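Enquirer: what would the 3D arrangement of this be:
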Amino acid sequence: MSSLAEVFEQINTAERVRNQVCKIVTLRKKLDPDDQEFLTGLLASDDVASTVIEDLLNAQGYDIKAQSIQRHRRGRCTCDSV
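Expert: Presented below is the predicted three-dimensional model:
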């Protein structure tokens with residue numbers, strides 16, 4: 001029987017492989033430096049809900065869902081940054 005840590009690593013790795021490109025990374029490349037910095041601050045803030053960030057970005061024409069934002073914030077995306 002595998003340990004919990006081994007099974008976790010397999011699941012965690014499979015999740016990251018399935019989602020090849022982090023949508024936050026893709027979106028950041030489209031932003032100017034000031035907006036990149038502002039977005040980084042929003043993502044790091046526990047006071048700003050992912051749905052609020054989704055609404056903000058969607059209003060600016062960026063197609064992103066709160067689930068992608070949450071995945072990034074939790075370190076469950078392919079870029080491993082929060």
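Enquirer: host element of the most centrally placed residue in the chain?
Expert: Central residue check for the chain by Cα atoms, centre = their mean: the C-alpha nearest the mean position is that of His72, 2.0 Å away. Of the helices and strands defined by DSSP states H and E, His72 is found in helix 66-73.
Enquirer: now for that helix, which elements pack on it?
Expert: With contacts taken as 3 or more Cβ pairs under 8 Å, 6 or more residues apart in numbering; DSSP states H and E, helix 66-73 sits against helix 23-28, helix 33-44, helix 50-59. (Each C-beta comes from the backbone N, C-alpha and C, glycine too.)
Enquirer: quick one: mean pLDDT for it?
Expert: Across helix 66-73, the average pLDDT comes to 94.
Enquirer: buried residues, it. List them.
Expert: By 16 or more other Cβ atoms under 10 Å, the buried positions in helix 66-73 come out as 66, 68-73.
Enquirer: quick one on the thing from earlier: leaving out sequence neighbours, find the closest residue to the residue nearest to the centre of the chain.
Expert: In this structure, His72 finds its nearest non-sequential neighbour in Ile24, 4.3 Å apart by Cβ to Cβ, 6 or more residues apart in numbering.
Enquirer: could you check how many residues crowd around the one you found?
Expert: Burial measure for Ile24: 24 neighbouring residues, criterion other Cβ atoms under 10 Å.
Enquirer: was I right to think it contacts Arg76?
Expert: No. Counting by Cβ atoms under 8 Å, Ile24 does not reach Arg76; the two are 11.6 Å apart.
Enquirer: what's the neighbour count on Ala59?
Expert: In terms of burial, Ala59 registers 8 neighbours under the definition other Cβ under 10 Å.
Enquirer: mind checking how far it is from Cys79?
Expert: As judged by Cβ to Cβ, to the nearest Å, Ala59 and Cys79 stand 24 Å apart.
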